[in-house]
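Visitor: any chance you can model this:
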Amino acid sequence: MDYDVIIIGAGMSGLAAGIRLAYFGKRVCILEKHYAFGGLNSYYRLDGRDFDVGLHAVTNFVGPGVRGTPLPKLLRQLRMSRNDFDLQPQVFSEIRFPGVSLRFTNDLNDLIADVAEKFPAEADRFRKLCEHVRDFDDVVLLSDYQSTRETLKEFLHEPMLIEMLLCPIMYYGSAEEHDMDFLQFVIIFKSLYCEGFARPRDGVRKIIKALVKKFRSCGGELRMQTAVERLDVADDRVTSVAIGGGETLTCSTVLSSAGYVETMRFCEDGPTVPADEVGRVSFVETIAVLDKLPQQLGHEAAIVFFNDCETFTYAMPEVPVDLRSGVVCCPSNYEGHDDMPEGLLRMTWLANSGVWMADGEEAYRQRKIDYLSEFKTQARRYVADFDEHFVVSDMFTPRTIQRFTGRVNGAVYGSPRKRRDGRTHLKNLFLCGTDQGYLGIIGALLSGITIANMHVLAEE
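Guide: Numbering: from 1, shown residues only. Okay, the predicted model is just below:
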């Protein structure tokens, strides 16, 4: 079979790229090695319940009529409407550190006011930081690395405030340990604090089904449970894509959302990837079903980013799970979600992927049981009578992530080095998704659109 474009991976970026290209008449085929769409943001069914994977919240939310931000831009590019995603805004979220908490909503002014109350000496300096972030050019594709921690010290004098601002931003999008590029910080700061959180009532499947339906209506082809085995290369170009069963597909261009390291492994004689470009950041997450909604039990925040120390450490821990910090998510704490039939409480921690990968099956199962006990202990901090309402739980680990997404080390955010123009060493092979550099659901959709526009549609 011959196509104009083959896309590796039916995640958010792959589907968005496919829609954009198929809309303009390109012969597009998306190859997905698993049975489920969505990639890092998917869902599965267990004992009659749907569980989201990856989705805590859709970031970059703005209300109807707001222009010039990522959400309306991508809807326009995909020829889709707000109703297709059915996004409902958060109530509020929190950042909790020892002795102090900050509350934020989808209005930046609320965070500015809370910073002024909790850190009065930093009020003017924080406003200046917000102004700097607002004016910073975050759509530039090529820029020099700038340390976020060093940049924040130029604006803020209170170390704990710096740590508190970094905690949600790094948890929601840093592939780099300890620090991050300031450009990446700006993108995520805007998506979390300037725009905000929302969630479809039916979870991520609402978005996935809308994207798949749109892609197919534009004439695109989806081949599920079809793994790429090899990219054949000649004269600095991909000449064909080998898939299971000995079949070979040809195309003019390949877009890969599989990740840089993973894509290079498909290539014949591909370049050796330096160790510092292999992602290390991964997570363990436990999802608990409750017989009441968390807000009925006194917990009203949509998301809580917590850290038990004054200093926030964001790195692969030496132990299996770093319990010092994490994320607590309640999918029902969004507008219009207060009549959901059951409550959900999700808790996410940084994890050591090597430990989880090395376990034998019996040791792996036992480790999950042990950390379910830790989860219950921490959950009581947010829902006091948690145990009385606990129904069932499930857990995913770095091992789960690697198995179902192919990401080396279960590295959710991929390589620390992003390739924002999507280019690789081959003239017709481009990256979209996580390793292009736009993160989150909205970021991934924009990544697919951007790379499709830049390297396929603009070439005409």
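Visitor: when you work out contacts or count neighbours from here on, use the C-alpha atoms and nothing else.
Guide: Will do.
Visitor: Pro160 and Glu310 touch, don't they?
Guide: One correction, residue 160 is Met, not Pro. Yes: at 6.1 Å, Met160 counts as touching Glu310 under the criterion of CA atoms under 8 Å.
Visitor: what's the neighbour count on Met224?
Guide: 16 (other CA atoms under 10 Å).
Visitor: if you could redo that for Lys73, that was the one I meant.
Guide: What Lys73 shows, counting by other CA under 10 Å, is a neighbour count of 13.
Visitor: more neighbours: which of Met160 and Glu310?
Guide: Set Met160 next to Glu310 and count neighbours by other CA under 10 Å: Met160 wins out with 18 against 15.
Visitor: got the phi and psi for the more buried one?
Guide: Here is the backbone geometry of Met160 (degrees, to the nearest 10): phi -70, psi -40.
Visitor: if I look at it, how far off is Cys167?
Guide: Distance, Met160 to Cys167, by CA to CA, to the nearest Å: 11 Å.
Visitor: not counting its neighbours along the chain, what's nearest Ala452?
Guide: Ala17 (5.5 Å; CA to CA, 6 or more residues apart in numbering).
Visitor: in stretch 268-286, what counts as buried?
Guide: Glu277, Val278, Gly279, Arg280, Val281, Ser282, Phe283, Val284, Glu285, Thr286 (16 or more other CA atoms under 10 Å).
Visitor: what's the answer for stretch 13-27, then?
Guide: For stretch 13-27, by 16+ other CA under 10 Å, it's 13-23, 26-27.
Visitor: pick the one among those closest to Ala123.
Guide: The shortest approach to Ala123 among those belongs to Ser13, at 38.0 Å (CA to CA).
Visitor: close enough to count as contact, Glu163 and Phe312?
Guide: Yes: assessed by CA under 8 Å, Glu163 is found in contact with Phe312 at 5.7 Å.
Visitor: remind me which helix or strand the residue nearest to Ala452 belongs to.
Guide: Per DSSP states H and E: Ala17 is located in helix 12-23.
Visitor: which SSE is immediately downstream of that helix?
Guide: strand 28-31.
Visitor: outside of that next one, which residues touch it?
Guide: 3-10, 14-15, 18, 21-22, 220-228 (CA atoms under 8 Å, 6 or more residues apart in numbering).
Visitor: and those, which are buried?
Guide: Buried members of these, scored by 16+ other CA under 10 Å, are 3-10, 14-15, 18, 21-22, 220-222, 224, 226-228.
Visitor: just for the stretch 51-200 of the chain, where's the confidence low?
Guide: Along the stretch 51-200 of the chain, no part satisfies pLDDT under 70.
Visitor: the same query, at a cut-off of 80, please.
Guide: 54-55, 139-143 (pLDDT under 80).
Visitor: let me see the ranges of the helices in it.
Guide: 70-78, 82-85, 108-118, 123-135, 148-155, 159-171, 182-189 (DSSP state H, counting those that start in this stretch).
Visitor: turn these into CSV, including distance to Thr272.
Guide: Output for these, formatted as CSV (distance: least, CA to CA, whole Å):
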stretch, distance to Thr272
helix 70-78, 35
helix 82-85, 40
helix 108-118, 44
helix 123-135, 36
helix 148-155, 29
helix 159-171, 28
helix 182-189, 26
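Visitor: most packed of those helices?
Guide: helix 182-189 (a mean of 22; mean count of other CA atoms under 10 Å).
Visitor: which elements pack onto that one?
Guide: helix 148-155, helix 159-171 (3 or more CA pairs under 8 Å, 6 or more residues apart in numbering; DSSP states H and E).
Visitor: the longest one vs helix 182-189, what angle?
Guide: The reference is to helix 159-171. Helix 159-171 runs at 80 degrees relative to helix 182-189, counting by axes from the mean of the first three to the mean of the last three CA atoms, to 10 degrees.
Visitor: domains for the protein, by residue range?
Guide: 2-60+203-276+416-459, 111-189, 280-405 (automatic domain parsing).
Visitor: distance from the chain centre to the shortest one, please.
Guide: Taking CA atoms, centre = their mean, to the nearest Å, one finds domain 111-189 lying 19 Å from the centre of the chain it belongs to.
Visitor: that one: end-to-end distance?
Guide: End-to-end distance (CA to CA), domain 111-189: 12 Å.
Visitor: try the last one
Guide: Between the opening and closing residues of domain 280-405 there is a gap of 15 Å (CA to CA).
Visitor: rewinding a little: would you turn the domains of the chain into CSV with distance to Gly99?
Guide: Shown next, in CSV, are those (distance: least, CA to CA, whole Å):
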stretch, distance to Gly99
domain 2-60+203-276+416-459, 25
domain 111-189, 10
domain 280-405, 9
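Visitor: ok, then the element right after the helix ranked longest in the chain?
Guide: Looking across the chain with DSSP state H, the single longest helix is helix 361-379. Where DSSP H and E defines the elements, the next helix or strand beyond helix 361-379 is helix 386-389.
Visitor: what's that following helix in contact with?
Guide: With CA under 8 Å, 6+ apart as the criterion, helix 386-389 contacts Leu290, Asp291, Lys292, Lys376, Ala379, Arg380.
Visitor: buried members of those into PyMOL, please.
Guide: Buried residues within these, by 16+ other CA under 10 Å, are selected in PyMOL with:
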select buried, resi 290+292+376+379
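Visitor: Ala301: which of the contacts of helix 386-389 is nearest?
Guide: Nearest to Ala301 among these, with distances taken as CA to CA, is Ala379, at 13.5 Å.
Visitor: for the closest one, which non-adjacent residue is spatially closest?
Guide: The nearest residue in space to Ala379 (CA to CA, 6+ apart) is Phe386, at 6.8 Å.
Visitor: how much space separates that neighbour from Leu344?
Guide: Going from Phe386 to Leu344 by CA to CA gives 11 Å.
Visitor: follow-up on the earlier one: what sits up against the helix holding Ala17?
Guide: Taking CA under 8 Å, 6+ apart as the rule, helix 12-23 contacts 7-8, 27-30, 38-39, 41, 77-78, 208, 211-212, 214-215, 218-220, 255-257, 432-433, 441, 444-453, 456-457.
Visitor: from these, which land in helices?
Guide: 77-78, 208, 211-212, 214-215, 441, 444-453.
Visitor: Ala10 contacts Glu32, correct?
Guide: Yes: with contact defined as CA under 8 Å, Ala10 and Glu32 form a contacting pair (5.4 Å).
Visitor: sorry, back to before: export the helices and strands packed on helix 182-189 as a markdown table, with columns for distance to Arg324.
Guide: Converted to a markdown table, the helices and strands packed on helix 182-189 look like this (distance: least, CA to CA, whole Å):
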| stretch | distance to Arg324 |
| --- | --- |
| helix 148-155 | 20 |
| helix 159-171 | 12 |
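Visitor: of all those helices, which one is nearest Phe85?
Guide: It is, among the helices and strands packed on helix 182-189 and with distance given as CA to CA, helix 159-171, at 23.6 Å.
Visitor: for the residue nearest to Ala379, give its distance to Val392.
Guide: 12 Å.
Visitor: neighbour-wise, which of those two wins?
Guide: More neighbours surround Phe386 than the other of Phe386 and Val392, with 22 against 12 (other CA under 10 Å).
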